[in-house]
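Q: A structural model of the following input is requested.
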Amino acid sequence: MGKIIKIKNNDIENILLEVSRQYLVGNLKRPQKLDFIKDTNLEIGITNYYQYSTEVAHFHTEAVEYQYMLSGWTKYLDVETARKNSKDLMKKIEYEFKKGDFFCIEKNTVYAQKSKPNTRILFIKSPSINDKNVVEVNDEILSWYKSKLKTVRKDYDNEESMPKANSLKPAVAVAILNESKKQILMLKRADSGNWTLPGGTVELNENLTDCAIREVKEETGLNIKILDIIGTYTNPNIRTEYSDGEVRREFTIVYYGVSTDNEVKIDEESTEYSWIKFEDIKNYSITTSQIRRIFDIIDFLKTGKKYMR
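A: Numbering: from 1, shown residues only. Okay, here's the model as predicted:
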């Protein structure tokens with residue numbers, strides 16, 4: 001009689017917090033932290049890249065690999081062709097995969113790989129054998145490794161041409177003003193070149209105010225205290241498209257915060273910062289949705305009115 005074998009989601013997720021790759025099925029020789037299903041014909045598992053990651057150039061002599069992109073963004077390079085040192089050729093033999101893509105790597109394909117942080121891939125390899133062969137690479141390929149995947153974003157505001165949303169992530173933004181309350185702290189984003197309020201998305205283990213405090217600290221170096229909520233912004237026609245395939249719809253809480261710190265230290269998500277006078281906002285590259293929030297902040301400071309948009 002046959003049977004049904006289950007590996008629980010919680011067990012898989014907990015293990016992936018400790019290791020970057022977890023096998024679920026296979027003919028495995030090395031000890032695994034998670035019980036797996038024994039099978040000589042298949043290897044199945046999940047690779048989770050929390051940070052920017054690269055895989056050493058290699059090939060398999062017998063096994064064929066199938067991969068499904070659960071999230072993120074990864075690029076593969078045909079190493080055999082890239083060894084010819086042609087920069088024009090490098091562009092032609094680079095393969096890009098994003099969330100939802102499925103692809104196959106045939107045996108004896110020599111490839112290198114690099115992945116954006118938070119990329120997760122379900123992989124299937126047949127047969128389940130240790131036939132990995134590492135190869136040496138030239139300077140062109142080493143340079144390719146060092147060139148990290150950079151996310152680019154495009155913002156949409158009620159546009160006919162905007163793509164369909166495929167993501168919803170609660171986020172926060174914080175209005176931080178100078179002592180005179182006539183200048184507001186804004187950051188110039190590295191991924192779009194637009195100016196925005198400091199903030200970011202909520203993590204699973206935190207509430208909204210904790211997220212606001214953390215994001216401002218990470219992006220500006222400032223310690224803040226949250227004083228009030230200015231507005232809630234959930235317009236489904238405000239969307240952000242990222243180069244990794246994510247199209248996120250708006251869901252943002254804007255807070256009013258203060259800081260006694262004086263020195264701003266931006267992280268890699270921004271290229272510069274500025275204390276901008278409200279009357280000068282029109283001189284900066286700012287999206288329509290951000291301008292709407294700035295006007296709401298000005299009105300909040302004058303009247304105390306809060307917004308739901």
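
Q: quick check: domain ranges of this structure?
A: As recorded under automatic domain parsing, the domains making up the chain are 9-146, 153-308.

Q: TSV for those domains, including mean pLDDT and distance to residue 3?
A: Yep, even glycine has a C-beta here, placed from its N, CA and C like the rest. Shown next, in TSV, are the domains of the chain (pLDDT from 0 to 100; distance: least, Cβ to Cβ, whole Å):
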stretch	mean pLDDT	distance to residue 3
domain 9-146	90	11
domain 153-308	95	34
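
Q: closest one to residue 1 among the ones you listed?
A: Nearest to residue 1, of all those, is domain 9-146, at 16.8 Å by Cβ to Cβ.

Q: please compute how far that closest one lies from its chain's middle.
A: Relative to its parent chain, domain 9-146 has a centroid offset of 18 Å by Cα atoms, centre = their mean, to the nearest Å.

Q: how long is that domain end to end?
A: End-to-end distance of domain 9-146 (Cα to Cα, to the nearest Å): 34 Å.

Q: ok, back up a step: any chance of CSV for the domains of the chain, columns mean neighbour count and distance to residue 2?
A: CSV is the format used below for the domains of the chain (neighbours: other Cβ atoms under 10 Å; distance: least, Cβ to Cβ, whole Å):
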stretch, mean neighbour count, distance to residue 2
domain 9-146, 15, 13
domain 153-308, 16, 37
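
Q: next, format those domains as CSV and append distance to residue 1.
A: Compiled in CSV, the domains of the chain are given as follows (distance: least, Cβ to Cβ, whole Å):
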stretch, distance to residue 1
domain 9-146, 17
domain 153-308, 40
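
Q: partners of the top strand by length along the chain in the sheet?
A: Counting residues, the longest strand found in the chain (DSSP state E) is strand 224-233. On the basis of DSSP bridges, the sheet neighbours of strand 224-233 come out as strand 252-259 (antiparallel), strand 307-308 (parallel).

Q: mind putting those in TSV, distance to residue 75 included?
A: Output for those, formatted as TSV (distance: least, Cβ to Cβ, whole Å):
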stretch	distance to residue 75
strand 252-259	31
strand 307-308	41
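
Q: could you pull out the helices in this structure for me?
A: With helices called from DSSP state H, the chain shows them at 9-16, 79-82, 87-92, 139-146, 208-220, 288-303.

Q: packing partners for the second one?
A: It stands for helix 79-82. If you count contacts as 3 or more Cβ pairs under 8 Å, 6 or more residues apart in numbering; DSSP states H and E, helix 79-82 packs onto helix 87-92, strand 111-115, helix 139-146.
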